[in-house]
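Peer 1: no sequence on this one, just coordinates:
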């Protein structure tokens, strides 16, 4: 058996057993979540199941006693950067697993004994080499390689007892199979042909694959590949003259290909995943592909491939009618099977099937949180096309008592040649259906699974026979079932097809979602799209036909005038399959003709997004587009507070995408628009973020009253930050009149929810600044490092320490401390920050109005250019425009760069017409070594007009070292910041 035989089976086909709730909104977060239970392996004696449990940052390996149903933990990690990439039984008492952390890979063997539901054992780390493979002929042996002790360029290959490997028995008794191979990257074992294979470095550019009989001596070279231009990894023999290999030479993603050993050429693509590079694959004893593996959302995933009906498959088909039932593991005698059960309406579940008793039982669901929901099943349709072929289609409609907008989404598949729509569980489809859409998928000419003739009939039929087949099915469906709205939506070729359907049927389609598509077919033949590779060009030709035969009517860029419906174009700027230029050019032409077009362009994505969070954001954005363009009221979906919260969270997902620029361009105006939608639905963080925009006057006009209102609503809705922000504003007197009672009131409201470092800092500030209720013990305790560490996670402590400097600076500038209290605070600050308190002076380097100029050479530091003094500084939106001072600290009698000192920087503001009405604006504590430049600067962009801002710099004893005022006047559109050398 192969080492990766029984790994994770987080299939693209999900499944589980029983569901309950049909007419409720399903949160996108639940549908786009990693499997909780996976990596299932059955013990050779069939008595125990080994599996992984993934819950957030917690990863456990569990052993289930099948007879009692008890789960026993044998391994756990509490760090999210760990993953188990391989998990398998060696025999009934020994388990092998790989643990990966970033680029580090460790191998372990767990040697244990089981008594009832109790397990005792020991872990052994394999430190000097690697296990090449298990050895099926002997369950107590493995194939193992390590560097030769006298020459690291050579590797030794052993057949070794597991007990010899872990030191229980002497390694000297291990059987040496080979030590003659030089510069070996890795060994392989093919149990079907009982052959050894090695990958070896031939030169700086080339690697070669060699093979020999297991019991033989002589190695023979099979083929050589160029490391720079080719990636080929052998899997095993299909037959004596053909190997199965992993390669991306002729495909975008690493896929399973055949390789002709005699001709030294790659053959057909046996399997290519639509989203992920493959990292492994398995063949059965007949050379048939039975499984592939890849990393799905960071988890090592094994997907069984059902290419033929064998005896057990026939039995399982009868046992589980209406489901896809795939055997993923079995005991040594093949009496018990672990079965992955799935259908279009059921996410993945693992069952145990007992052959002798003809009985089955549920082991566990891969996605337990989805048990609460009921998903609709697919319906099948068949029409006969003009060529006389039966064209099959799958339709999924909303539940009878669920949300139903009587709207159809026609969803052509990608490829288009050699790809097939299956009756599998799709989170995208189920999300669309749950939001009220029916989804139609068609296996048109070119689809696989219907014979070679049907598949080849799709070659060169972009915009022609393929769309004819789709339209035939659509026409039949809308005659039988009337739909108020029809839209098209697709990915890759499906994106192209979605546009073509709307262009050819303008009276039928009302909107289009086109993702990662091609819209100018001749552009595919340009050198940049062909990688300069004749094989790749031939592959393109086999799909879309000869370039000379293409017509303008087959390319959407030439059909712009026929597209009069809203179009949503989704693309990745690193898409090297379709090419980002395809989508960008299509969007440009649509925009130029004043068409209703919107885009979702990713900076880092390629031919689709791969992470669960990105997929969730994308489908939420798609449904938002559909609702807006079809005139549906999203808020009407909520029938209770829980559903209202679901909608609010999904509006917030869009808001966050724009606010933080999650792989798209930041757009604050769009962020605020969706924050308002989420806020209207009661989302507490949305209300807080809206408050912060009105507080700062970003995009919206500054409105402190409105900001306070949003902060109060956020706090009332459960967001602690809302009440904390108000407590801080009133305690500091920022933008509001200082009011310690209000500060204390809001602080108590926040404290009822959670204790954070910021809350303790505000409490410290109140205890120090409020002279009538001053308590220095409370103040100092809440500012101490010990207190911060007690309430803050280690990953957040650095930010907490920085925030403390602002609070401490504000406290130290209070002028009503008595000498004893001030000395206590100074001593505390000195202990916490380790700075000296000798008398200091400032050497002013630059001050006033400054402009930051980038260095002409990349990687070099820029410089601040001081502008000539003027009484009033005109506000600009230039991010490089500053006011303030740059200085050096000059301590008395010290000429060392190793001693740290500190200064307090205080900013205040006053209206230009009332300079006596001074309000605190900002404070910070700067500390570090003297003789370096220290910066006390404010961005002019963030300052208000018709205000006078005053900068004061004090030493730690509150001796004034610098004071300078700046008047900010209204922005003039023609005014620019001058750069003077």
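Peer 2: Right, received. Where do you want to start? Worth saying up front: this structure is predicted, and the values here are computed from it rather than measured. Numbers count the residues shown, from 1 in each chain.
Peer 1: can you confirm residue 75 is in a strand?
Peer 2: Yes - the assignment for residue 75 by DSSP: H, G, I helix; E, B strand; the rest coil puts it in a strand.
Peer 1: so in terms of bridging, what pairs with the closest residue to it other than its chain neighbours?
Peer 2: Counting by C-beta to C-beta, 6 or more residues apart in numbering, residue 75 lies nearest to residue 61, which is 4.0 Å off, once chain neighbours are set aside. All C-beta atoms are positioned from the backbone trio N, CA, C, and that covers glycine. Residue 61 forms beta bridges with residue 52, residue 75, as assigned by DSSP bridges.
Peer 1: residues in contact with residue 61?
Peer 2: 39, 50, 51, 52, 53, 73, 74, 75, 76, 84, 87, 97 (C-beta atoms under 8 Å, 6 or more residues apart in numbering).
Peer 1: residue 720 now?
Peer 2: Residue 720 touches 750, 753, 754, 756, 759, counting by C-beta under 8 Å, 6+ apart.
Peer 1: recalculate using a threshold of 10 Å.
Peer 2: Residues in contact with residue 720 (C-beta atoms under 10 Å, 6 or more residues apart in numbering) are 684, 688, 714, 749-756, 758-759.
Peer 1: again with residue 503
Peer 2: Contacts of residue 503 (C-beta under 10 Å, 6+ apart): 463, 467, 488, 509, 512, 553, 556, 558-565.
Peer 1: would you confirm that residue 70 contacts residue 116?
Peer 2: Yes - counting by C-beta atoms under 10 Å, residue 70 touches residue 116, with 8.5 Å between them.
Peer 1: so the two - more neighbours on which side?
Peer 2: With neighbours defined as other C-beta atoms under 10 Å, residue 70 and residue 116 compare such that residue 70 has more, 13 against 9.
Peer 1: where does the nearest residue to the more buried one once chain neighbours are set aside land on pLDDT?
Peer 2: Nearest residue to residue 70 in three dimensions, chain neighbours excluded: residue 117, at 4.3 Å (C-beta to C-beta, 6+ apart). The model reports residue 117 with a pLDDT of 79.
Peer 1: is it correct that residue 117 is in contact with residue 66?
Peer 2: No - using C-beta under 10 Å, residue 117 makes no contact with residue 66, being 11.5 Å away.
Peer 1: these two: who's more crowded?
Peer 2: The neighbour count for residue 117 versus residue 66, taken as other C-beta under 10 Å, is higher for residue 66 (17 against 14).
Peer 1: closest to residue 378 among the contacts of residue 503?
Peer 2: residue 488 (18.9 Å; C-beta to C-beta).
Peer 1: how is the closest one assigned, secondary-structure-wise?
Peer 2: Assignment for residue 488 (three-state DSSP): strand.
Peer 1: how about the contacts made by it?
Peer 2: Contacts of residue 488 by C-beta under 10 Å, 6+ apart are 408-412, 440, 470, 474, 494-495, 497-503, 505, 508-514, 565, 567.
Peer 1: tell me what it is bridged to.
Peer 2: As for beta bridges, residue 488 partners with residue 410, residue 512 under DSSP bridges.
Peer 1: quick one: pLDDT of it?
Peer 2: pLDDT, read off for residue 488, is 96.
Peer 1: for residue 887, same thing?
Peer 2: pLDDT, residue 887: 92.
Peer 1: host element of it?
Peer 2: Assigned by DSSP states H and E, residue 887 belongs to strand 881-891.
Peer 1: and the next helix or strand past that strand?
Peer 2: Following strand 881-891 in sequence, per DSSP H and E, is strand 901-911.
Peer 1: that next one - what's its average pLDDT?
Peer 2: Mean predicted confidence for strand 901-911 is 92.
Peer 1: same check on stretch 367-376?
Peer 2: 89.
Peer 1: that stretch spans what distance, first to last residue?
Peer 2: End-to-end distance for stretch 367-376, by C-alpha to C-alpha, to the nearest Å: 17 Å.
Peer 1: so where's the stretch 151-300 of the chain uncertain?
Peer 2: The model of the stretch 151-300 of the chain has pLDDT under 70 over residues 151-153, 226-231, 252, 275-276, 295-300.
Peer 1: circling back: who's in contact with the residue nearest to residue 70?
Peer 2: By C-beta under 10 Å, 6+ apart, the neighbours of residue 117 are 63, 64, 65, 67, 68, 69, 70, 71, 72.
Peer 1: my guess is the first one meets residue 42, correct?
Peer 2: I take that to be residue 63. No - with contact defined as C-beta under 10 Å, residue 63 does not count as touching residue 42 (11.4 Å).
Peer 1: what do the two both touch?
Peer 2: Common contact partners of residue 63 and residue 42 (C-beta under 10 Å, 6+ apart): 48, 49, 50, 51.
Peer 1: out of those, who's nearest residue 862?
Peer 2: For the shared contacts of residue 63 and residue 42, the nearest to residue 862 is residue 51 (55.3 Å; C-beta to C-beta).
Peer 1: helix or strand for residue 725, which one?
Peer 2: Residue 725 belongs to helix 720-732 when elements are defined using DSSP H and E.
Peer 1: and residue 913, what is it in contact with?
Peer 2: Residue 913 makes contact with 946, 948 under the criterion C-beta under 10 Å, 6+ apart.
Peer 1: is it true that it lies in a helix?
Peer 2: No - under three-state DSSP, residue 913 falls outside any helix and is assigned coil.
Peer 1: quick one: the strands in the stretch 351-500 of the chain?
Peer 2: 359-365, 378-384, 390-396, 407-410, 437-443, 485-491 (DSSP state E, counting those that start in this stretch).
Peer 1: export the ones you listed as a markdown table, with columns for distance to residue 933.
Peer 2: Shown next, in a markdown table, are the strands of the stretch 351-500 of the chain (distance: least, C-beta to C-beta, whole Å):
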| stretch | distance to residue 933 |
| --- | --- |
| strand 359-365 | 60 |
| strand 378-384 | 67 |
| strand 390-396 | 64 |
| strand 407-410 | 59 |
| strand 437-443 | 60 |
| strand 485-491 | 52 |
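Peer 1: out of the ones you listed, nearest to residue 167?
Peer 2: Short answer: strand 359-365, nearest of the strands of the stretch 351-500 of the chain by C-beta to C-beta, at 34.5 Å.
Peer 1: now the closest one: buried residues?
Peer 2: The neighbour-count check on strand 359-365 (16 or more other C-beta atoms under 10 Å) flags 360, 363, 364, 365 as buried.
Peer 1: same question for stretch 132-148.
Peer 2: Those would be 132, 133, 134, 135, 139, 141, 142, 143, 144, 145, for stretch 132-148 by 16+ other C-beta under 10 Å.
Peer 1: brilliant, that's me finished.
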